[in-house]
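# Following is a predicted model, sequence given first.
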Amino acid sequence: MSRRCVSGLKIGFAVVTIAGMAWSPGQAQAETVESALIQAYQNNPTLNSQRAAVRAVDESVPTALAGYRPRVTVTATGGEQVLSSTSLTNPTRAPGAPATYFTQNGYNSPYGAGATISQTLFNGFQTANRTRQAEAQVLAARETLRTSEQTVLLNAVTAYMNLLRDTAILDLQRRNVEVLQEQLRQVRDRFNVGEVTRTDVAQSESSLAAGRSQVLTAESNYKSSGATYRQVIGHDAAKLTPATPVDRFSPRSLQDAIGFASNTHPAVATAQYNIDAAQLQVKVAEGALYPTLSVQGSYNQNFMSASSLNAFVNSSATVLGTLSVPIYQGGAEYAAIRQAKETLGQRRLDFDGARDQVRQAVVQSWGQLDAAKANIEATSAQVQSSEIALNGVREEARVGQRTTLDVLNAQQTLVNARVALVTAQRDRVVASYTLLSAVGRLTPPVLGLNVPVYSATVHYEQVRDNWAGVRTPDGR
């Protein structure tokens, strides 16, 4: 076998080594796609931000529940004052008698304290409807979080496979340059003995320059993929190991996938909970037309009256009930009801749109997965045929039946085929994860990731019935 054939086989071995080798125990420091997904699930800032958003929405429930609870206010007064009063001493004097006056001057320090407690007994069911609305918003936020989790995990897989692909392509292009350098050396040797012309040398030099340009492009793509990997996963990439498709977690047929996604996808569930919240907002707005009933009790005790130097202690206690019946308030309440109804109609349309978008995503992902599977077979056959063709062209060139340009073209065709195979292998894996995300099953439990699953209900149960306190459950 000629040296050119041996050099060509090195590139084929590189593809197998980088894009399809089995994981060996000696690569203890290498990273798998599962470990990358775990890191992204725990550390991705976008996902952690969405979790914080859900926790913020949780607080809307105790806010609504506050309408059931009493309101207590404590007041205190105190200060210094100087009083001067002049009074008529003989208001019943005889006609013509002179009036006499008495002037009193003094200094005192009045102070007092009081407390007021009020309780709403009926407000047109607004508190109950606000509470149910807040609960629907919490459920919608949780489904939005599920959508964010799937988006982040899919981005993590894509970043992982892009970096793996670009690593393989960079190695292919570097090995291609090695082959072209060896080929240029041989062509120059043949030129020195008169077997080829200066044109053959120039063609080899041109191919080598183009190969080096492709290496630079591959290096740029590799660095870009590495930066994206760090942004999504949260750390620089170690040595990456090959990933396998996850078709086993997806429905077996397109119709099953569409049906499953239409019923359980988090985007559809979010739209449904938004409808529930909009319906309850209509009821809240209608509650403004109902009477309101409240009761209020107060107690006040003041020392050293602020209006009289003779009063020392003044106490008062009251309990009052208030019934308010709205008659007409300018029409704002009717506009609010109409607005809420229009918003409800919009949310129903959004629900239809969400189901259509989910269905479109499933059909598109299914088609991409089928195309990726077929592309693997096509590019594998292309690589095999290109290898055979290159070996044949080289043997024919050795006996003078092919030119140096023919060999260079065949070499480039083989490199392109191997790059296409690496890309097809990447697309095959990403397409399987994309379909899993489209049906709403790209989650750590389904993938079997060894990571604690974030539970949004934990924080909700911690804050739902809190009556007071400003510290969050995590201690902030």
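Perfect, I can see it now. Residues are numbered from 1 along each chain as shown.
# Next, the buried residues of stretch 391-398.
By neighbour count, and taking 16 or more other CB atoms under 10 Å as the criterion, the buried residues in stretch 391-398 are 391, 393-394, 397. Bear in mind the C-beta positions are built from the backbone N, C-alpha and C, glycine included.
# now swap in stretch 59-70 and tell me
For stretch 59-70, the neighbour count (16+ other CB under 10 Å) marks 59-62, 64-65 as buried.
# can you tell me how far residue 335 sits from residue 74?
Noted for residue 335: a distance of 38 Å to residue 74, by CB to CB, to the nearest Å.
# An error on my part: the question was meant for residue 445.
51 Å.
# got it, and residue 327?
Residue 327 sits 35 Å away from residue 74 when distances are taken as CB to CB.
# can I see the domain layout of this protein?
Taking automatic domain parsing as the domain assignment, the record places the domains of the chain at 3-69+125-177+224-290+331-463, 73-92+100-122+291-325.
# so of those, which one's packed in deepest?
Among these, ranked by average contacts under mean count of other CB atoms under 10 Å, first place goes to domain 3-69+125-177+224-290+331-463 (a mean of 18).
# In three-state terms, how would the residue lying farthest from the centre of the chain be classified?
Computed with CA atoms, centre = their mean, the residue of the chain farthest from its C-alpha average is residue 96, at 93.0 Å. Each residue gets one of three states, and residue 96 gets coil by DSSP: H, G, I helix; E, B strand; the rest coil.
# possible to save the buried residues of stretch 59-70 as a markdown table with distance to residue 405 and pLDDT?
Compiled in a markdown table, the buried residues of stretch 59-70 are given as follows (distance: CB to CB, whole Å; pLDDT from 0 to 100):
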| residue | distance to residue 405 | pLDDT |
| --- | --- | --- |
| 59 | 72 | 95 |
| 60 | 72 | 95 |
| 61 | 75 | 96 |
| 62 | 78 | 95 |
| 64 | 78 | 95 |
| 65 | 81 | 95 |
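# Which of these fall in helices?
The helices in this structure, assigned by DSSP state H, contain 60-62, 64-65 from those.
# and which of the residues you listed is nearest to residue 43?
When those are compared for distance to residue 43 (CB to CB), residue 60 comes out closest, at 27.7 Å.
# who touches the residue nearest in space to the middle of the chain in this structure?
Centre of the chain computed as the mean C-alpha position; nearest residue by CA atoms, centre = their mean is residue 148, 3.4 Å away. Contact criterion CB atoms under 8 Å, 6 or more residues apart in numbering gives 46-47, 50 as the residues in contact with residue 148.
# Quick one: low-confidence residue ranges for the protein.
Low-confidence regions of the chain, defined here as pLDDT under 70, cover residues 1-29, 305-311, 475-476.
# Tell me which stretches of it form strands.
Listed in chain order, the strands found in the chain under DSSP state E are 71-78, 81-88, 101-108, 111-122, 292-303, 313-324.
# Include distance to residue 383 when you put those into CSV, please.
CSV is the format used below for the strands of the chain (distance: least, CB to CB, whole Å):
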stretch, distance to residue 383
strand 71-78, 76
strand 81-88, 99
strand 101-108, 103
strand 111-122, 76
strand 292-303, 78
strand 313-324, 82
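# Which one of these lies nearest to residue 472?
With CB to CB as the measure, strand 71-78 is the member of the strands of the chain nearest residue 472 (23.6 Å).
# same for the closest one, what does it pack against?
Helices and strands touching strand 71-78, by 3 or more CB pairs under 8 Å, 6 or more residues apart in numbering; DSSP states H and E, are strand 111-122.
# just the angle between the strand it packs on and strand 313-324, please?
Put simply, strand 111-122 runs at 20 degrees to strand 313-324, going by axes from the mean of the first three to the mean of the last three CA atoms, to 10 degrees.
# Strand 111-122 pairs with which strands, and in what direction?
Partners of strand 111-122 in the sheet, by DSSP bridges, are strand 71-78 (antiparallel), strand 292-303 (antiparallel).
# Walking through the stretch 201-350 of the chain, point out its helices one by one.
Ranges of helices in the stretch 201-350 of the chain, per DSSP state H, counting those that start in this stretch, are 254-264, 266-286, 332-398.
# Let me have those in TSV, extended by distance to residue 170.
As requested, these are arranged in TSV below (distance: least, CB to CB, whole Å):
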stretch	distance to residue 170
helix 254-264	36
helix 266-286	37
helix 332-398	18
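# and of these, who's closest to residue 124?
Put simply, out of those the one that sits nearest residue 124 is helix 266-286, at 7.4 Å, with distance taken as CB to CB.
# Just the CA trace of the closest one, in PDB.
Written as PDB, here are the backbone C-alpha positions of helix 266-286 (Å, rounded to 0.1, in the frame of the first residue of the first chain):
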ATOM      1  CA  PRO A 266     -46.500  22.600  29.200                       C
ATOM      2  CA  ALA A 267     -47.200  25.400  26.700                       C
ATOM      3  CA  VAL A 268     -50.700  24.000  26.200                       C
ATOM      4  CA  ALA A 269     -51.200  23.700  30.000                       C
ATOM      5  CA  THR A 270     -50.000  27.300  30.500                       C
ATOM      6  CA  ALA A 271     -52.600  28.500  28.000                       C
ATOM      7  CA  GLN A 272     -55.300  26.500  29.800                       C
ATOM      8  CA  TYR A 273     -54.400  28.000  33.200                       C
ATOM      9  CA  ASN A 274     -54.300  31.500  31.700                       C
ATOM     10  CA  ILE A 275     -58.000  30.900  30.600                       C
ATOM     11  CA  ASP A 276     -58.900  29.900  34.200                       C
ATOM     12  CA  ALA A 277     -57.200  33.100  35.500                       C
ATOM     13  CA  ALA A 278     -59.000  35.300  32.900                       C
ATOM     14  CA  GLN A 279     -62.400  33.700  33.800                       C
ATOM     15  CA  LEU A 280     -61.800  34.500  37.500                       C
ATOM     16  CA  GLN A 281     -60.800  38.000  36.600                       C
ATOM     17  CA  VAL A 282     -64.300  38.500  35.100                       C
ATOM     18  CA  LYS A 283     -65.800  37.400  38.400                       C
ATOM     19  CA  VAL A 284     -63.500  39.700  40.300                       C
ATOM     20  CA  ALA A 285     -64.600  42.700  38.100                       C
ATOM     21  CA  GLU A 286     -68.300  41.800  38.600                       C
END
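# Run through the residues that contact residue 118.
For residue 118, the residues meeting the contact criterion (CB under 8 Å, 6+ apart) are 70-71, 294-297.
# mind running it again at 6 Å?
With contacts defined as CB atoms under 6 Å, 6 or more residues apart in numbering, residue 118 is in contact with 71, 296.
# Show me what it is bridged to.
Listed by DSSP bridges, the beta-bridge partners for residue 118 are residue 71, residue 296.
# so how far is residue 112 from it?
Counting by CB to CB, the gap between residue 118 and residue 112 amounts to 20 Å.
# One more: residue 317?
According to CB to CB, residue 317 stands 13 Å off from residue 112.
# Angles on the backbone of residue 251, please.
Note on residue 251: its backbone torsions stand at phi -60, psi 160 [degrees, to the nearest 10].
# so it touches residue 259, yeah?
No - between residue 251 and residue 259 there is no contact under CB atoms under 6 Å: 8.1 Å.
# With residue 233 as the reference, measure out to the closest residue to residue 142 other than its chain neighbours.
Spatially, and ignoring its direct neighbours in sequence, residue 142 is nearest to residue 456 (4.8 Å; CB to CB, 6 or more residues apart in numbering). Spatial separation of residue 456 from residue 233 under the definition CB to CB is 23 Å.
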